[in-house]
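In: Show me the folded form of this:
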Amino acid sequence: MLERIRRTQRIFDVVRGIEEGSYRLPSIQRSFVWERNRICKLFDSLMNDYPIGSFLVWRPPTNMQIRCRRFTKDYKTGVRLIAEEITPSPTPYLVLDGQQRLQSLYMGFLGSYDREYLYFKVDSNPQNEENDLRYQFQFMMPEQAQEDPHWVKLIDIVNLRIEQVPEFVSEQFSSDTDDVKKIVLRNLSKFIRVFNIDEKIHILDVEEDLPYEDVLEVFVRVNSGGVVLTKSDLVFSTVVLNIPDMEREFIEIVDELNGGGEYEFDLDFIIKTSFVLFDKGAKYDVNKLKDKQYLDRLEADFNALKSALLSTIQFLKSDAKILSKRFLKSDLALIPIADFIYRQPHQQIPDGQAWKLRQYLYMSFFMRFYSHGPDGKLDALHNIITKHANPNIFPIEDISKYLERRTGISFRFLNTMLYDLDLVLNITQGGVTDIPQKRGWSLEKDHIFPQSVLKEKNISDELINNVGNLRLINKTRNILKSDSLPEEGIEFFGSNVPDLKELFLKARENLTEENYKNFVQYREKLIFNEVNKFLSMPRNDGTGDAPVPV
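Out: Sure thing, here's the model as predicted:
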């Protein structure tokens with residue numbers, strides 16, 4: 001057995017170890033995601049002697065081959081790295097937790113971020129905090145750093161010995177005042193102590209002879225670095241070990257499904273979908289990823305799987321009008337849709353079937369079908385789809401009966417379902433794009449008649465927050481709205497319906513509880529009918545009309 005790793009180490013020793021290849025990343029580690037300001041904050045935290053958490057590593061037995069990759073020295077935004085080598089000899093330590101922090105340290109000392117290098121402002125006064133940092137670190141181009149000699153590259157500091165610091169300060173900063181020189185001297189001495197003298201890195205290692213399944217479980221549970229990993233992320237390495245080309249294929253399909261960030265699909269979704277489509281059962285089981293029959297099927301039919309998933313996303317956008325993660329209440333609900341499409345020629349939805357898929361998808365949301373025990377339900381739906389007499393017809397009747405049986409809820413759109421506000425408002429507004437928390441832009445529920453005005457009229461909260469008084473608008477527009485009565489030309493679903501427009505204007509001109517209630521209740525009915533029509537559900541007025549595809 002190899003000698004155990006030292007539990008505490010100097011930061012720069014670990015950085016050197018990364019450079020020499022003693023520490024590497026297993027293929028299942030996700031990409032580096034930290035931005036420049038977060039890296040700078042890490043270095044500032046260390047200079048303040050703040051703890052930054054421990055790191056977890058594992059050295060696989062010499063007889064076990066694991067695909068891995070080196071840490072990135074010169075990081076480029078948007079580049080996805082692929083593991084391209086089997087664990088070399090001597091066996092390196094694979095980092096199970098701490099990738100983001102170690103990658104940041106390595107890049108800060110020996111690499112670059114989009115061609116910019118990390119500099120430390122050696123005359124930083126920790127008493128004068130700037131940009132949420134006591135000690136100023138910044139990525140910049142060398143020519144930019146030359147404008148102020150106090151910006152010094154980290155590698156030029158860490159290699160100094162403590163006894164060399166006074167001479168270095170005298171030579172490099174001779175024109176500074178004595179007070180500034182004292183600050184520089186103190187900062188450089190502390191930098192060397194923090195990064196190259198004190199043992200600041202705390203490393204935990206997984207027992208070498210721990211069973212592989214237990215290593216996987218350890219990996220799943222560890223989350224101190226802030227990047228949640230699922231078991232599928234880890235055992236995916238088993239797949240790429242047997243089929244190396246699959247790593248790139250899986251990473252590319254996840255990127256394609258997520259588009260420009262509209263959705264948040266991950267490897268777990270892809271793998272579970274493949275389990276269902278390839279008749280392996282939805283339940284996650286590591287042994288399935290080692291099964292030769294599954295691996296052969298995955299390699300042979302991956303293009304069909306990919307086409308089915310891409311067609312599912314196209315359906316999601318064009319037919320279901322779900323344009324972002326916010327309105328996709330369960331990723332798992334898409335698997336039966338992909339299952340049906342996968343079995344079609346060229347993985348395209350047959351004519352006349354899209355409305356059935358849409359109806360199933362939304363009703364599974366409204367009925368909270370996937371809220372518990374999803375694996376058994378996915379297997380049951382897979383059985384219904386694959387056993388149907390006509391593979392070109394989505395068996396909505398059998399599926400609706402199964403949803404009713406499992407939930408105890410009637411498979412029809414009910415008034416109580418109107419209060420799934422995101423779903424309902426998204427439908428009535430024809431599909432709304434949500435860009436969460438970017439540049440201050442986000443999507444909010446807006447009251448057409450402001451809450452404050454209605455409260456002054458002693459109107460009940462139930463009526464104030466009725467779906468008939470709500471719409472989705474972006475945060476900026478909502479902020480700019482005043483708390484006065486709505487403008488006469490305000491836009492909302494139903495504003496072009498003459499009867500509703502008349503009720504709106506009447507309530508606006510004379511805001512009584514009766515006038516407001518008439519407006520809200522009429523609009524609520526319009527919304528109900530619109531959703532019912534969108535879902536192609538039978539009318540609920542006792543006529544028993546057949547569904548009309550829309």
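In: ok, now how distant is residue 118 from residue 75?
Out: 11 Å (C-beta to C-beta, to the nearest Å). From N, CA and C alone the C-beta is placed, and that goes for glycine too.
In: Between the two, tell me which one has more neighbours.
Out: Neighbours of residue 118 and residue 75, each counted by other C-beta atoms under 10 Å, are more numerous for residue 118; the result is 25 against 21.
In: State the helix or strand in which that one lies.
Out: For residue 118, the enclosing helix or strand under DSSP states H and E is strand 117-121.
In: So what touches that strand?
Out: With C-beta atoms under 8 Å, 6 or more residues apart in numbering as the contact definition, strand 117-121 has outside contacts at 39-40, 43, 107-109, 135-142, 145, 148, 150-154, 157, 187, 191.
In: In the chain, where is pLDDT below threshold?
Out: Counting by pLDDT under 70, the chain shows low-confidence ranges at 1-4, 28-30, 80-87, 208-242, 244, 286, 435-441, 475-482, 539-550.
In: top helix in it by residue count?
Out: helix 292-318 (DSSP state H).
In: where exactly do the strands run in the protein?
Out: All strands of the chain, identified by DSSP state E, fall at 8-9, 23-26, 55-58, 67-69, 74-75, 85-86, 93-97, 112-113, 117-121, 137-140, 151-153, 201-206, 443-447, 470-474.
In: Put together TSV for those, with distance to residue 349 on each row.
Out: Listed next are these as TSV, based on distance: least, C-beta to C-beta, whole Å:
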stretch	distance to residue 349
strand 8-9	57
strand 23-26	38
strand 55-58	45
strand 67-69	37
strand 74-75	41
strand 85-86	42
strand 93-97	42
strand 112-113	44
strand 117-121	51
strand 137-140	47
strand 151-153	57
strand 201-206	47
strand 443-447	28
strand 470-474	27
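In: picking up where we left off before, make a PyMOL selection of whichever of the contacts of strand 117-121 turn out to be buried.
Out: Buried subset of the contacts of strand 117-121, written as a PyMOL selection, criterion 16 or more other C-beta atoms under 10 Å:
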select buried, resi 39+40+43+107+108+109+135+136+137+138+139+145+150+151+152+154+157+187+191
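In: Distance check, residue 123 against residue 105.
Out: Computed with C-beta to C-beta, the distance linking residue 123 and residue 105 is 23 Å.
In: Give me the more crowded residue out of these two.
Out: Comparing residue 123 with residue 105 by other C-beta under 10 Å, the one with more neighbours is residue 105, at 27 against 20.
In: Run through the residues that contact the nearest residue to the more buried one once chain neighbours are set aside.
Out: Of all residues not flanking residue 105 in the chain, residue 15 sits nearest, at 5.6 Å (C-beta to C-beta, 6 or more residues apart in numbering). With contact taken as C-beta under 8 Å, 6+ apart, residue 15 is in contact with 105-106, 109-110.
In: how many neighbours does residue 507 have?
Out: 22.
In: And it, how close does it get to residue 460?
Out: Between residue 507 and residue 460 the computed distance is 15 Å (C-beta to C-beta).
In: just residue 41 next, same as before
Out: Distance from residue 41 to residue 460, counting by C-beta to C-beta: 48 Å.
In: More neighbours: which of the two?
Out: Taking residue 41 and residue 460 together and counting by other C-beta under 10 Å, residue 41 has the greater number of neighbours (18 against 12).
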